[in-house]
Structures are given as structure tokens and as C-alpha cells.
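> what's the 3D shape of this:
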Amino acid sequence: MTEGSCSWPSGDPLMIRYHDTEWGIPVHDDKKWFEHIVLDGAQAGLSWKTILHRREGYRRAFAGFDPSIVAGYDESKFQELLRDEGIIRNRLKIRSAINNAKAFLKIQEEFGTFDAWIWQYTNGKPVVNRWESLSQLPARTPLSDMISKELKKRGFTFVGSTICYAFMQAAGIVNDHLVTCFRHPANILPLSFG
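Alright, predicted model coming up:
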């Protein structure tokens, strides 16, 4: 584990790399947003480690997280995914990913990008928290409640408030790195040009 980092990666090299290079960094790419929605929906009831170790399987199964392709998946593709050992073979979660791709495209159609839609909830700026221990991190917040409610209204599934908060953390809408972590914004030194 990187010195001065959050303790949740628990020594797993893939989890450590994910924490150190991705988690909490603001996302502004719609394919990455769709990836977060698919993976965090798949995580429901499971550990993030379980899903992260299958991310490449998900990337392959869901066309590099391209919602325009996934939205066109038919029944035979659904049946194929149920046999895919590289992903969690849960009928509801697989259907959800396909359904969510269709709902995702509708948001893109209305707002130009999913990114533009979701960042409006924080005026385009990350919410930077100042937690001192993992026990302080909430599982959900009023903001995740609001986004969850709006996503459900727009036809998404597997987007409860806890799932929404997880992808808000992962995609940097919320920065929940501990204040002692080298990834917390207060600990990142600005570049100096001399």
C-alpha cells in the first residue's frame, strides 16, 4: 500500500493501483461514466474487489462500455452474457446494464453528454470531504439520494442511493480520500514552474 493512503485497498495490488490512480479523480468521459454505472450496479451485494478483478471481463462483455452498442444488445446477446464467466452472471444485473445503456443514451440526447448532466448537481466542482477515518465515510448522502431518485425517474435500475454514492466517489464528484491520504487534494502539491 502506498505510504499515507487510505487503508481500504487492503494490500491487494489491483485495489492499490485503482485507489492510487483512479478513485476520486474527476471523470469527464461518458464511456467512463457508463463503466461506473455498470460496475457499481454489478457490485450491489458484493465487494468492490470482486468487481474490480472482473473489470476486464466487463469491458469485453459490454463493448468497452460503449452505451450505444450495449443499448442494442438483443435476447441472444443477453443469453450469451449469462454464460460469460468473466462477469457476475446475475440476470437482473445484466438486464440492468442493457436497460441503463438505453436510459444513458436518452440523457445524452437531452443534455449533450451524461457528464454535463451529472456534474450540474455540484456546479461542475468536486465535493471535497475532510474525513479522518474510514468509519466517517457515509454510505449515502442527500446528494446521492437526489441523483438516485432522478436516475430512477429516467428509467435506470440498480442505482439506489448507496450505489450512486459509490460511483460519485469513484468518479470524483465526491473526493472521500482521507485527509491523511496522499490523494486528498490538500496533500497534492501544485506544480511549480521556475
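
> For Gln43, give me its contacts.
Gln43 makes contact with 50-51, 163, 166, according to CB atoms under 8 Å, 6 or more residues apart in numbering. Where C-beta positions appear, they are placed from N, C-alpha and C, glycine not excepted.

> 6 Å instead, please
Ile51 (CB atoms under 6 Å, 6 or more residues apart in numbering).

> measure it to Thr50 for me?
According to CB to CB, to the nearest Å, Gln43 stands 8 Å off from Thr50.

> So, low pLDDT: which residues of the chain?
1-4, 189-194 (pLDDT under 70).

> longest helix anywhere in it?
Ordering each helix of the chain by length in residues (DSSP state H) puts helix 91-111 first.

> what's in contact with that one?
34, 37-38, 41-42, 67, 70-71, 73, 81, 114, 117, 154-158.

> can you check stretch 176-183 too?
Counting by CB under 6 Å, 6+ apart, 4-6, 24, 129-132, 137, 169, 184 sit against stretch 176-183.

> Taking these together, which two end up most distant?
Largest separation among the contacts of stretch 176-183 by CB to CB: Gly4 and Gln169, giving 18.9 Å.

> Neighbour count for these two, which is higher?
Comparing Gly4 with Gln169 by neighbour count (other CB atoms under 10 Å), the higher total belongs to Gln169, at 22 against 12.

> so how far is Gly24 from that one?
For Gln169, the distance to Gly24 - CB to CB - is 6 Å.

> Alpha carbons of stretch 61-80, as PDB, please.
Extracted C-alpha coordinates of stretch 61-80, given in PDB (Å, rounded to 0.1, in the frame of the first residue of the first chain):
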ATOM      1  CA  ALA A  61     -18.700  -8.200 -22.500                       C
ATOM      2  CA  PHE A  62     -20.000  -4.600 -22.600                       C
ATOM      3  CA  ALA A  63     -18.200  -3.400 -25.700                       C
ATOM      4  CA  GLY A  64     -15.600  -1.300 -23.900                       C
ATOM      5  CA  PHE A  65     -18.500   0.300 -22.000                       C
ATOM      6  CA  ASP A  66     -20.000   1.900 -25.200                       C
ATOM      7  CA  PRO A  67     -23.600   2.600 -24.300                       C
ATOM      8  CA  SER A  68     -24.600   3.000 -27.900                       C
ATOM      9  CA  ILE A  69     -23.600  -0.700 -28.600                       C
ATOM     10  CA  VAL A  70     -24.900  -2.100 -25.300                       C
ATOM     11  CA  ALA A  71     -28.300  -0.500 -25.900                       C
ATOM     12  CA  GLY A  72     -28.600  -2.700 -29.000                       C
ATOM     13  CA  TYR A  73     -28.000  -6.000 -27.200                       C
ATOM     14  CA  ASP A  74     -30.700  -8.400 -28.000                       C
ATOM     15  CA  GLU A  75     -32.000 -11.600 -26.300                       C
ATOM     16  CA  SER A  76     -29.300 -13.800 -27.800                       C
ATOM     17  CA  LYS A  77     -26.600 -11.400 -26.500                       C
ATOM     18  CA  PHE A  78     -28.300 -11.500 -23.100                       C
ATOM     19  CA  GLN A  79     -28.200 -15.300 -23.100                       C
ATOM     20  CA  GLU A  80     -24.600 -15.200 -24.100                       C
END
